[in-house]
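Trainee: show me how the following folds:
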Amino acid sequence: MLSAFISSLRTVDLRRKILFTLGIVILYRVGAQIPSPGVNYPNVQQCIAEVSGGESGQIYSLINLFSGGALLQLSVFAVGIMPYITASIIVQLLGVVIPRFEQLRKEGQAGQTKLTQYTRYLAIALAILQATSIVALAANGGLLQGCALDIIEGQSEGLNIWTLTVIVIVMTAGAALVMWMGELVTERGVGNGMSLIIFASIAASIPGEGKNILDSRGGMVFTLVCVAAVVIVVGVVFVEQGQRRIPVQYAKRMVGRKMYGGTSTYLPLKVNQAGVIPVIFASSLIYIPHLITQLITSASDTPSTGWWQTFVAEYLTDPSSPVYIAIYFGLIVFFTYFYVSITFNPDERADEMKKYGGFIPGIRPGRPTADYLRFVLSRITLPGSIYLGIIAVLPNLFLEIGNTGSVQNLPFGGTAVLIAVGVALDTIKQIESQLMQRNYEGFLK
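Mentor: Predicted structure coming up:
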């Protein structure tokens with residue numbers, strides 16, 4: 001891997017892409033530290049230090065992780081990349097429900113451009129909604145619970161609607177800028193821009209969390225956490241690279257005077273076919289009830305005592321609760337099957353293979369091939385979903401054992417390691433593929 005990286009730096013075009021990607025990532029990290037206008041930055045930092053590891057630190061840990069700590073700091077990039085990711089997932093899911101979206105997906109580049117445009121519009125709408133929710137929670141003291149300081153300028157004297165509007169507009173503009181930066185990296189840089197931005201946010205939080213563990217728990221616990229992190233990373237890499245290769249044989253056929261086909265290949269089905277999307281889905285869904293409860297309580301200024309509010313307060317705000325872990329694990333398994341079913345269509349793959357004269361040895365083309373692919377996919381999706389669930393809830397299981405105080409204090413556990421390892425592997429593969437293209441070009445000459 002090191003030799004491939006050195007070779008990539010020696011190649012002018014690839015070196016320019018890598019430097020461009022690093023420049024965008026640095027700009028993103030700088031913007032994540034710039035406070036929004038109207039936010040009392042010293043008070044925010046003091047509040048974060050006071051409530052660190054509390055209820056707010058736990059329930060907003062995932063979203064704060066994706067923003068690189070910008071959410072709780074109410075910075076310009078507080079909303080981050082989450083609206084675009086959510087919009088992309090929604091548009092992809094709507095392709096199954098709305099025939100128009102399915103038709104656009106099959107139209108090639110023109111249809112994909114139209115879907116990207118719809119995704120951007122939806123991302124801006126979600127960014128406005130999320131920025132409004134963040135500002136409303138910050139104004140009512142629900143974002144950083146337990147802190148009596150003014151997070152927004154003039155909060156104790158009465159909130160100014162103009163100040164709140166400016167903060168919402170700035171955060172929405174920041175989300176649009178992050179979306180644009182991610183697309184620039186995808187077009188002109190190396191790797192997927194959105195994934196690399198999340199990777200940068202996760203990587204930025206690792207040194208601080210490691211220092212917290214070292215200061216609070218000592219060198220022995222810190223060493224054990226590092227060893228456990230290496231073991232988890234090795235296991236994730238092993239599973240992420242695992243795949244079931246289904247052999248495919250293409251029959252020979254005459255087209256004019258030339259003969260085509262007669263080759264043997266395979267159809268790779270990954271064990272983790274869904275990636276990290278089910279974890280993001282489950283995390284967002286289990287976070288929504290707490291957010292709605294806080295908004296209702298803040299709007300009414302009276303404590304809620306209904307059964308639904310009581311259930312949320314007792315079971316969906318404590319990540320170490322057995323009920324929370326069971327619901328979280330069940331949602332991940334469900335969304336894994338759901339996402340795989342809409343992204344991999346065995347009928348379409350069987351039709352494509354039949355169209356080009358391909359068949360699986362021992363399986364008849366057409367419907368039997370689709371049934372066989374569906375059977376194999378269901379078999380490998382089960383261990384994949386269980387693997388995702390175990391890795392995601394691993395920090396929750398050790399929350400009380402390690403007495404770390406926050407889910408994300410295990411920096412190589414859960415969603416963080418899944419995203420970090422997945423993005424790193426994909427980026428390395430893209431760099432190696434571009435190196436191979438240039439080497440083969442010189443070899444053929």
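
Trainee: residues in contact with stretch 189-204?
Mentor: 14, 17-18, 20-21, 24-25, 28-29, 32, 65-70, 80-81, 84-85, 88, 178, 181-187, 416, 419-420, 422-424, 426-427, 430-431, 434 (Cβ atoms under 8 Å, 6 or more residues apart in numbering). Just so you know, the C-beta spots here come from the backbone N, C-alpha and C atoms, and that holds for glycine as well.

Trainee: sort out for me which of those residues are in strands.
Mentor: Judged by DSSP state E, those include no members of strands.

Trainee: filter these down to the buried ones, ChimeraX style.
Mentor: Those of these that count as buried under 16 or more other Cβ atoms under 10 Å are selected in ChimeraX with:
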select :14,17,18,21,24,25,28,29,32,65,66,67,68,69,70,80,81,84,85,88,178,181,182,185,186,416,419,420,422,423,424,426,427,430,431,434
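
Trainee: filter the contacts of stretch 189-204 down to the ones in helices?
Mentor: If you go by DSSP state H, these have 14, 17-18, 20-21, 24-25, 28-29, 65-66, 70, 84-85, 88, 178, 181-187, 416, 419-420, 422-424, 426-427, 430-431, 434 in helices.

Trainee: what ranges does the stretch 101-250 of the chain have for its strands?
Mentor: 243-250 (DSSP state E, counting those that start in this stretch).

Trainee: where does pLDDT dip in it?
Mentor: Low-confidence segments of the stretch 101-250 of the chain (pLDDT under 70): 141-142, 144-146, 154-159.

Trainee: try it again at 80.
Mentor: 102, 105-109, 136-160, 204-218, 221-222, 225, 228-229 (pLDDT under 80).

Trainee: tell me the secondary structure for A274?
Mentor: coil (DSSP: H, G, I helix; E, B strand; the rest coil).

Trainee: isn't it right up against G384?
Mentor: Yes - A274 is within contact range of G384, at 7.0 Å (criterion: Cβ atoms under 8 Å).

Trainee: quickly list what's touching both of those two.
Mentor: T336.

Trainee: which residues does stretch 163-180 contact?
Mentor: Residues contacting stretch 163-180 (Cβ under 8 Å, 6+ apart): 28, 31, 36-39, 74-81, 83-84, 120, 123-124, 127-128, 130-132, 134-135, 139, 152-154, 197.

Trainee: buried by neighbour count, from these: which ones?
Mentor: Buried among the contacts of stretch 163-180 by 16+ other Cβ under 10 Å: 28, 31, 36, 38-39, 74-81, 83-84, 120, 123-124, 127-128, 130-132, 134-135, 139, 152, 197.

Trainee: mind listing the helices for the stretch 201-350 of the chain?
Mentor: 219-241, 277-300, 307-315, 322-343, 346-355 (DSSP state H, counting those that start in this stretch).

Trainee: any idea how far V333 is from A274?
Mentor: From A274 over to V333 the distance is 11 Å, taken as Cβ to Cβ, to the nearest Å.

Trainee: joint contacts of these two?
Mentor: Counting by Cβ under 8 Å, 6+ apart, the residues touching both A274 and V333 are 385, 388.

Trainee: quick one: end-to-end length of stretch 351-370, please.
Mentor: Stretch 351-370 has an end-to-end distance of 8 Å (Cα to Cα, to the nearest Å).

Trainee: give me the buried positions along that stretch.
Mentor: Those buried within stretch 351-370 under the rule 16+ other Cβ under 10 Å are 351, 353-354, 358-360, 363, 365, 369-370.

Trainee: ok, the residues you listed vs A282, which is closest?
Mentor: Taking Cβ to Cβ as the measure, A282 lies nearest A370 of the buried residues of stretch 351-370, at 28.9 Å.

Trainee: contacting residues for the closest one?
Mentor: 346-347, 349-350.

Trainee: what helix or strand is it located in?
Mentor: helix 367-397 (DSSP states H and E).

Trainee: what's the angle from that helix to helix 322-343?
Mentor: 150 degrees (axes from the mean of the first three to the mean of the last three Cα atoms, to 10 degrees).

Trainee: buried stuff in helix 367-397?
Mentor: 369-370, 372-374, 376-377, 380-381, 384-385, 387-389, 391-397.

Trainee: the closest residue to I90 other than its chain neighbours and T86: what is the separation?
Mentor: Leaving out its chain neighbours, the residue that sits closest to I90 by Cβ to Cβ, 6 or more residues apart in numbering is L122, at 6.4 Å. To T86, L122 is 8 Å away according to Cβ to Cβ.

Trainee: quickly list what's touching both of those two.
Mentor: With Cβ under 8 Å, 6+ apart as the test, L122 and T86 reach no residue in common.

Trainee: dihedrals phi and psi, the nearest residue to A251 once chain neighbours are set aside?
Mentor: Closest residue in space to A251, ignoring its immediate chain neighbours: G357 at 4.5 Å, by Cβ to Cβ, 6+ apart. G357 has phi and psi values of phi 80, psi 20 when expressed as degrees, to the nearest 10.

Trainee: my read is that G357 contacts Y250, right?
Mentor: Yes - at 5.4 Å, G357 counts as touching Y250 under the criterion of Cβ under 8 Å.

Trainee: look up how far V190 lies from A148.
Mentor: 47 Å.

Trainee: of those two, which one has the most company?
Mentor: Just comparing A148 and V190: by other Cβ atoms under 10 Å the higher neighbour count belongs to V190, 22 against 9.

Trainee: how close does that one sit to K252?
Mentor: Counting by Cβ to Cβ, the gap from V190 to K252 is 39 Å.

Trainee: P322: how many residues sit nearby?
Mentor: Based on other Cβ under 10 Å, the number of other residues close to P322 is 11.

Trainee: quick check, pLDDT for it.
Mentor: According to the prediction, P322 has pLDDT 81.

Trainee: residue contacts, it?
Mentor: Contacts of P322 (Cβ under 8 Å, 6+ apart): none.
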